[in-house]
Structure formats: C-alpha cells, structure tokens
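*Asks:* Based on what follows, work out the 3D shape:
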Amino acid sequence: MVKRIVANLQTEDLSRADYFYHHILSLELLMDHGWIKTFGNDEKAKVQISFAVQGGNDTPVPDFSIEVDQVDDIHQKMKDSGFEITYDITDEDWGVRRFFVKDPFGKLINILSHQ
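*Replies:* Numbering: from 1, shown residues only. From the prediction side, this is the model:
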C-alpha cells in the first residue's frame, strides 16, 4: 500500500523555495539537511497521482496541484510578489476555482480550492 507521494524538484539554490512555498503558501519547513529542504504541514490527505493529456479547458498540464483554503488570497499574494500567473483565476465547470502560476524553478503549479 502506498502511504505518500513526495514531489522532488531539482535546484541549485534551495533558498528560492522559501518565499514561494513557506511565506506565501504557509508550508512549514519540515526538514533541512543542507542538500534537501522539505516543506509541508500536518494535514491528512489522500495519496493521489494524476495523468492528463491537457490541464482542463485546453490549458497545459501543470507539474503539480496545490489545494488551498483561500485561493483568492493566494492568487493576490502571488500577483503582488511578481510571480508569473499563466492562467488567471477561474471558476471551472468541474467545481474548482483555480489559477496557474510559475514557481521560482519554472514549474507550472495549479493552485485551487474546491467550491
């Protein structure tokens, strides 16, 4: 039985993750060994991995998705911080409100809340 899935992103500068993932998304620093930093929280979540031919509404497939409580607040923080929004905040037919943003490493992130 799979217990969890962890995304591992390669970078030459671990500090670039701090502002995006800790300050804006409020993830806690769970581990820092100098060569790897892990951010997270104590939330319980289902183990999921998705495969797609497109990201919905003919958008690119995001590298990963992050569900948040207040998507509008996070959207505004991302805009205020100058992160590139590639798909503006949208209420989708399948019951989510979401936007796409490029993280500091160029990864396409789908940030969403269920409606």
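*Asks:* and the longest helix along the chain, which residues are buried?
*Replies:* Taking DSSP state H as the criterion, the chain has its longest helix at helix 71-80. Going by neighbour count (16 or more other Cβ atoms under 10 Å), the buried part of helix 71-80 is 71, 74, 75, 77, 78. For the C-beta atoms, the positions are set from N, CA and C on the backbone; glycine is no exception.
*Asks:* ditto for stretch 31-51
*Replies:* Buried residues in stretch 31-51 (16+ other Cβ under 10 Å): 37, 39.
*Asks:* Can you give me the end-to-end span of that stretch?
*Replies:* 28 Å (Cα to Cα, to the nearest Å).
*Asks:* residue ranges of the strands in this structure, please?
*Replies:* 28-32, 37-40, 64-67, 85-91, 96-102, 108-114 (DSSP state E).
*Asks:* Tabulate those (TSV), appending distance to residue 21 and mean pLDDT.
*Replies:* Converted to TSV, the strands of the chain look like this (distance: least, Cβ to Cβ, whole Å; pLDDT from 0 to 100):
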stretch	distance to residue 21	mean pLDDT
strand 28-32	9	97
strand 37-40	5	97
strand 64-67	9	96
strand 85-91	17	98
strand 96-102	12	98
strand 108-114	10	98
